[in-house]
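Trainee: build me a structure from this.
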Amino acid sequence: MTTHAVARRTRYIQLGVPAAVLGTLSAAIAATPVSADAVSSPIERLQSAPTRIASAEAPPASYTVQPGDTISSIANRFGLRTVDVLGWNGLGWRSVIYPGQTLSLTAGAAPAAPTAATAPAQTSSTATHTVAAGDTVFSIAQRHGTSVDAVLAANGLTRESVIYPGQQLALTGAPAPAPAPVPTTAPAPAPVAAGGQTHAVAAGDTLFAIAKKYGTTVAQLYALNGLSSGAIIYPGQSLTVAAAPVAAPSPAPAAVATTPPAQLFATLDAEQAGNASTIIRVGRELGVPDRAIAIALATAMVESSMRNLPSGDRDSLGLFQQRPSMGWGTPEQAVDPDRSTRVFYGGSADPNGQASRGLLDIPGWEALRFTDAAQTVQISAYPERYGQWETQAYQWLGIHG
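Mentor: Below is the predicted model:
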C-alpha cells in the first residue's frame, strides 16, 4: 500500500469507519491513483501550491510615481481597484499624476491639501520660475528638464489655465507660491476713490470688450491700470474702468524738482516739415494751447520721426503710430495725417468719438510734465523720450506755425 493510501486509511479509522467497510475501502484506495492534492486539506493546498489569484505584488503603504505610470497600472500592479487608489488620494478620474508624486496605497482619509501623499516631498529650496513675456508652460518645462503635466500639477493649473509675465511657477511638487494680484510687469492700479469703478476679468474677456461694455476706450484702460499695449489680462484680475472724479489738480507736480531729460534737436526735411505744419494747423483750428501742439509735435517725432509711416510695431500706423486693433480707427484713417492729428488731440471734436482718448480727454493734463502728458495718450514703453524733444518742439512751433 502506498504512503498516500496509508494516510487515507488512517484518516478513515480516525473518523470511526467500521472495520468491514474499511476493508473494502482499503482495497479501493490501493487500486486508485491519488494526487498530492487529494490528501491535503484546503488550507494545506493554499499553503503549498502557488496562489490561484492573479499575480500581484503586496501593496506598500505608499508608492512613488514613475515615468509612464497611470493610476490604473499602479492599481493593477498591486492588486487594487483603481477607484480605491483615487479615493485614498483625493483624486478624480481626470486628475493628473506625475513622476515623483507619492500616492497612498492604503485606506485612510484623503488629505485636504497637498501633502506627501499627493505631491513630491518638499525640499528646503523649492525651484521656481518667474514667467517672462513669451513664455509658455511647454517652453518652461523644456528649459527646466521637466514635463508640462508636472508643471501644471505642481501649480494647481489645467491645460486651459493662463500664465502671465511676473507669475511665480513652482517646478517641483511643492505648493506653488501665491500669485500676486496683478502681474509684476504692470503696476497694481492705485486704489479707486469713492465714485471709481472696477471690473473683475472673466475668462474670454478682452480689453476691447471691457472698454465697450463700460463706454470707455482701450487707451483709457491702459492709462487707468498702468498697462502697456502688450499687457496680458487674466481671469480674476481687477481692472479700473472709471476713475473717481478729480477734486482739484494737485500743484505738487509743478513744485517737485525734477531733472529735465537731455534735449534732442533736428532739422526737418520737406516731408517732416509738411507734417509738422499739419499738426500745428489742426491745433490752431481746434483752439488748443501751444503746449498741446508742442506735445503733439514731440510725440510725432518720437513715434514716426514726423513721417506718415505705412507700418510699424504690430499694426501701428501713421504719424502717431495709432493702432486700428486698439480702437484708433481703420488703417486708412490712421494714415490720414489730418485725421490722426485730430484723434491725438481728442476732445469734443475727436472724429474717433469715444473709441479712443486724446490729450484733451485727460483731466488735468495741463499740470502734467511734458513727457507724462504725451505718455498718457501713447502708453509707450519709453515715456521719457517725449520730454527729450520739448525744447525743439517749441522751436518747430515758432518756425512752422
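Trainee: at which residues are the strands of the stretch 51-200 of the chain located?
Mentor: All strands of the stretch 51-200 of the chain, identified by DSSP state E, counting those that start in this stretch, fall at 62-64, 102-104, 128-130, 168-170, 197-200.
Trainee: any chance of the ones you listed in CSV, plus mean pLDDT and mean neighbour count?
Mentor: For the C-beta atoms, the positions are set from N, CA and C on the backbone; glycine is no exception. As requested, the strands of the stretch 51-200 of the chain are exported to CSV (pLDDT from 0 to 100; neighbours: other CB atoms under 10 Å):
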stretch, mean pLDDT, mean neighbour count
strand 62-64, 91, 15
strand 102-104, 88, 20
strand 128-130, 86, 16
strand 168-170, 85, 19
strand 197-200, 86, 14
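Trainee: distance to Val282 added to these, as a markdown table?
Mentor: A markdown table is the format used below for those (distance: least, CB to CB, whole Å):
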| stretch | distance to Val282 |
| --- | --- |
| strand 62-64 | 71 |
| strand 102-104 | 69 |
| strand 128-130 | 45 |
| strand 168-170 | 48 |
| strand 197-200 | 33 |
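Trainee: excluding chain neighbours, give the residue nearest to Leu86 in space.
Mentor: Ile71 (6.1 Å; CB to CB, 6 or more residues apart in numbering).
Trainee: same deal with Ala219?
Mentor: Leaving out its chain neighbours, the residue that sits closest to Ala219 by CB to CB, 6+ apart is Arg357, at 4.5 Å.
Trainee: then His144?
Mentor: Distances taken as CB to CB, 6+ apart place Leu171 nearest to His144, at 5.1 Å, with adjacent residues excluded.
Trainee: okay, the one you found: pLDDT?
Mentor: pLDDT, Leu171: 82.
Trainee: got it, and Leu264?
Mentor: Reported pLDDT for Leu264: 91.
Trainee: how near is it to Ser316?
Mentor: With distances taken as CB to CB, to the nearest Å, Leu264 is found 21 Å from Ser316.
Trainee: swap in Leu207?
Mentor: 16 Å.
Trainee: can you map out the helices along the stretch 251-400 of the chain?
Mentor: Using DSSP state H, counting those that start in this stretch, the helices of the stretch 251-400 of the chain run over 252-255, 270-286, 290-304, 331-334, 337-345, 370-378, 384-387, 390-400.
Trainee: ok, now how distant is Val137 from Gln168?
Mentor: Using CB to CB, Val137 is found at 14 Å from Gln168.
Trainee: cool, Ala202 as well?
Mentor: Distance of Ala202 to Gln168, given as CB to CB: 23 Å.
Trainee: Ala154 reaches Val148, doesn't it?
Mentor: No - Ala154 is not in contact with Val148 according to CB atoms under 8 Å; the separation is 11.0 Å.
Trainee: those two: which is more packed in?
Mentor: Shown here are Ala154 and Val148; by other CB atoms under 10 Å, Ala154 has more neighbours (26 against 18).
Trainee: with adjacent residues omitted, what lies nearest to the more buried one?
Mentor: Leaving aside its sequence neighbours, Ala154 sits nearest to Ala170 (CB to CB, 6+ apart; 4.6 Å).
Trainee: cool, Thr64 as well?
Mentor: With sequence-adjacent residues excluded and distances taken as CB to CB, 6+ apart, Thr64 is closest to Thr102, at 5.4 Å.
Trainee: ok, now Gln321?
Mentor: By the measure of CB to CB, 6+ apart, the closest residue to Gln321 outside its immediate chain neighbours is Glu303, 4.2 Å from it.
Trainee: report pLDDT for the one you found.
Mentor: pLDDT, Glu303: 93.
Trainee: sorry, back to before: which residues does the residue nearest to Ala154 form beta bridges with?
Mentor: Under DSSP bridges, the beta-bridge partners of Ala170 are Thr128.
Trainee: likewise Leu317?
Mentor: With beta bridges defined as DSSP bridges, Leu317 has these partners: Gln322.
Trainee: close enough to count as contact, it and Pro331?
Mentor: Yes - counting by CB under 8 Å, Leu317 does reach Pro331; the two are 5.9 Å apart.
Trainee: am I right that the residue nearest to Gln321 is in contact with Val377?
Mentor: No - with contact defined as CB under 8 Å, Glu303 does not reach Val377; the gap is 10.4 Å.
Trainee: what distance do you get for Tyr234 to Ala200?
Mentor: Relative to Ala200, and taking CB to CB, Tyr234 is found at 11 Å.
Trainee: just to revisit the earlier point, looking at it, the residue nearest to Ala154 is touching Thr128, isn't it?
Mentor: Yes - the pair Ala170 / Thr128 is scored as a contact, 5.6 Å apart, by CB under 8 Å.
Trainee: that older thread, looking at the helices of the stretch 251-400 of the chain, which is buried most?
Mentor: Among these, helix 290-304 has the highest mean neighbour count (mean count of other CB atoms under 10 Å), at a mean of 24.
Trainee: who are the contact partners of the nearest residue in space to Tyr382 that is not next to it in sequence?
Mentor: Using CB to CB, 6+ apart and skipping residues adjacent in sequence, the residue nearest Tyr382 is Val302, 8.0 Å away. Counting by CB atoms under 8 Å, 6 or more residues apart in numbering, Val302 touches 374, 380, 382, 385-386, 388-389.
Trainee: what do you get for Pro324?
Mentor: Contact partners of Pro324, counting by CB under 8 Å, 6+ apart, are 315, 317, 330-331, 333-334.
Trainee: okay, these in CSV with pLDDT and distance to Gln272 next?
Mentor: Shown next, in CSV, are the contacts of Pro324 (pLDDT from 0 to 100; distance: CB to CB, whole Å):
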residue, pLDDT, distance to Gln272
Asp315, 87, 23
Leu317, 94, 17
Thr330, 95, 25
Pro331, 94, 22
Gln333, 95, 21
Ala334, 94, 18
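Trainee: ok, back up a step: show me the contacts for the residue nearest to Gln321.
Mentor: 312, 316, 319-321, 378.
Trainee: ok, back up a step: what is the most widely separated pair among the contacts of Pro324?
Mentor: When CB to CB is used, the two most widely separated members of the contacts of Pro324 are Asp315 and Gln333, lying 12.6 Å apart.
Trainee: thank you kindly, that will do.
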